[in-house]
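K.L.:
predicted model follows, preceded by the sequence.
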Amino acid sequence: MAILKLSAFLEEITGKINGTIFYKTKYGQVIKNNAYSLPQRSAAQLRQQVKIQTVSSNWLNLSDAEKIDWNDQTANYPYYNKVGEISYYSGYALFLMLNNNLLNANLPINLLVPDYVAITVGTLSIGSLETDTLLLDYVGGSVGQTLYIYASPGISPGTSLKITDLKLFDIVTVTGTVTSFSYPDVKIGYQGSPILGMEYYFNCKAIVTATGNKSNFSQITSQIVTT
């Protein structure tokens, strides 16, 4: 910022000229740049951007035959578009989708297209929830599956849950037909330890570790902390 000394021909300037702002104070005319901040990315967003760039750059290294193999697998991954119609990925989009899922789960990516594996989604339930401990049970699914577990902060009973309340809580591996996940001294979201009398909600998504294929959300389960 600078102080502008005006001449006899020019006594005062106010407004903006080509990105420069002029205004008057009791100390004289002031001139400053009209700088503005671009949206600041969090560390997590920057890491995600690097991951996406890493995956997309690997596509460029594939041979034409390898890219055709990815195109041939797209029929196994239908999805519903924004107007509710069944659509299919391009080979490139499928490569990005599956490998970004793997990277986000801290798993190695696939340069060669993997054989399709159907997702078997189990049932997540709350074994126990107290002010200092949490036990979750996952029944079904497939051994070796990667599980994204989502949890809400404590919500007053009777208050409607918003889907945005559910945040990623943990990433775990399914080790059997019944897998239990124990969290002593548990902290859930910004509230920390579970609060007596509050209700907590959980659900999950399953990822096929070999391919990166991810399920939709499981059914939501909840429990009120009573002890």
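P.N.:
Cool, got the structure. Numbering: from 1, shown residues only.
K.L.:
hey, where'd the helices end up in this protein?
P.N.:
Counting by DSSP state H, the chain has helices at residues 43-60, 64-72, 91-104.
K.L.:
tell me the most buried of those helices?
P.N.:
helix 91-104 (a mean of 20; mean count of other C-beta atoms under 10 Å). Bear in mind the C-beta positions are built from the backbone N, C-alpha and C, glycine included.
K.L.:
could you dump that helix to CSV, C-alpha only?
P.N.:
What follows is helix 91-104, C-alpha atoms only, in CSV (Å, rounded to 0.1, in the frame of the first residue of the first chain):
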residue,chain,number,x,y,z
GLY,A,91,-12.1,-47.3,-20.0
TYR,A,92,-10.2,-44.2,-18.8
ALA,A,93,-12.9,-43.2,-16.3
LEU,A,94,-13.1,-46.8,-15.0
PHE,A,95,-9.3,-46.8,-14.6
LEU,A,96,-9.5,-43.5,-12.6
MET,A,97,-12.5,-44.6,-10.5
LEU,A,98,-11.2,-48.0,-9.4
ASN,A,99,-7.6,-46.9,-8.8
ASN,A,100,-8.6,-43.7,-6.9
ASN,A,101,-10.7,-46.0,-4.6
LEU,A,102,-7.6,-48.1,-4.0
LEU,A,103,-5.3,-45.1,-3.4
ASN,A,104,-7.8,-43.6,-0.9
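K.L.:
what is the mean pLDDT for it?
P.N.:
Average pLDDT, helix 91-104: 94.
K.L.:
how far off helix 64-72 does it point, in degrees?
P.N.:
Helix 91-104 runs at 80 degrees relative to helix 64-72, counting by axes from the mean of the first three to the mean of the last three C-alpha atoms, to 10 degrees.
K.L.:
tell me the domain ranges of this protein?
P.N.:
Listed domain ranges for the chain are 2-33, 43-104, 123-224 (source: automatic domain parsing).
K.L.:
lowest average confidence across these, which one?
P.N.:
Averaging pLDDT over each of the domains of the chain puts domain 2-33 lowest, since it has a mean of 60.
K.L.:
mind listing the residues bridging to the residue nearest to the spatial centre of the chain?
P.N.:
The centroid of the chain falls nearest to L168 when counting by C-alpha atoms, centre = their mean (7.8 Å). Applying DSSP bridges to L168 gives these bridge partners: Y150.
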